[in-house]
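Visitor: Whatever this is, show me its structure:
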Amino acid sequence: MNEKIKVEGVDPYKDNRPKREQVEQMFDSIAPAYDFMNTAMTFGLHRHWRDVALRAVLKFNPSHVLDVATGTGDVAFRLKELSPGLRITGIDLSEGMLAEAEKKLKTHPDWRDSIDFRCGDSLDLPFEDETFDAVTVAYGVRNFQDLEKGYKEMYRVLKPGGIICVIELSVPSNFILKGGYNLYANHIIPSIGKLVSGDNRAYKYLPESIAACPQRDDMTALMKTAGFNKAGWRSLTFGVVTIYLGRK
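Guide: You can find the predicted model right below:
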């Protein structure tokens, strides 16, 4: 699949290191500014997108959820708010991002026994087969060094009948909207991101990786290749974000 080759060839710092190492460095660099930038560049809409996706997951009544590329724990904490009895395991390769998640967890000591954050590789998940009822990934799959392998790993750790939910930014399909999106994503966001985070490349990589990542039908086709026999998508806010659901 050409889209798969494209996204794996888009790296944050464009050097000779594996994409995994570059992504880890990038998120370590921007971790303190990450939550602020998510809110600023989406005008707060990321909370609405997140809740639409998570409410779809909770319809399947999971008891143990794996949040892949958990970052600062935004999805994990919101899942806990929406379903207090839930167990959540979050995994991320960036220790900087996980440090921010742990700071948040300290403000909810009663959640310590039911939310667990771990540092690890999404392409080599340190869990037994068929461990989780659901897997969530918010804005993470386009950072995978091998997208198909990532989906196969998530499929492996899901129980039969389990649900996967992917939230990912996407390019609007409407020609007029695409022009405005390109101006905002390729020029305004990188300028603000550099000013706030101090990382010159991180928010230039963002629109590059979005454009290169499989979207909509191409993404669900890749999910089916990895084993998810039921997969579909729903775009929100004129197509700037897409939610993907799949079943094992």
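Visitor: surely Asp28 meets Leu93?
Guide: No. Proximity of Asp28 to Leu93 does not meet the contact threshold set by C-beta atoms under 8 Å, at 9.4 Å. (Glycine included, C-beta is placed from N, CA and C.)
Visitor: The helix or strand of the chain with the lowest mean pLDDT: what's the following helix or strand?
Guide: None of the helices or strands of the chain scores lower by mean pLDDT, DSSP states H and E than helix 2-8, at a mean of 51. Using DSSP states H and E, the helix or strand that follows helix 2-8 in sequence is helix 19-42.
Visitor: biggest strand in the protein, by residue count?
Guide: Counting by DSSP state E, the longest strand found in the chain is strand 158-169.
Visitor: Compare Asp28 and Leu93 and say which is more crowded by neighbours.
Guide: Leu93 (20 against 17; other C-beta atoms under 10 Å).
Visitor: Would you quantify the distance from the more buried one to Leu245?
Guide: Applying C-beta to C-beta, to the nearest Å, the value for Leu93 to Leu245 is 25 Å.
Visitor: Over to Cys165?
Guide: 6 Å.
Visitor: Give the residues shared as contacts by these two.
Guide: Residues touching both Cys165 and Leu245 (C-beta atoms under 8 Å, 6 or more residues apart in numbering): Ala56.
Visitor: what about Val196, helix or strand, and which?
Guide: Here Val196 sits within helix 189-197, counting by DSSP H and E.
Visitor: what's the angle between that helix and helix 19-42?
Guide: 100 degrees (axes from the mean of the first three to the mean of the last three C-alpha atoms, to 10 degrees).
Visitor: Who are the packing partners of helix 189-197?
Guide: The contact analysis (3 or more C-beta pairs under 8 Å, 6 or more residues apart in numbering; DSSP states H and E) places helix 189-197 against helix 19-42, helix 202-212.
Visitor: mind listing what's buried in it?
Guide: Ile189, Pro190, Gly193, Val196, Ser197 (16 or more other C-beta atoms under 10 Å).
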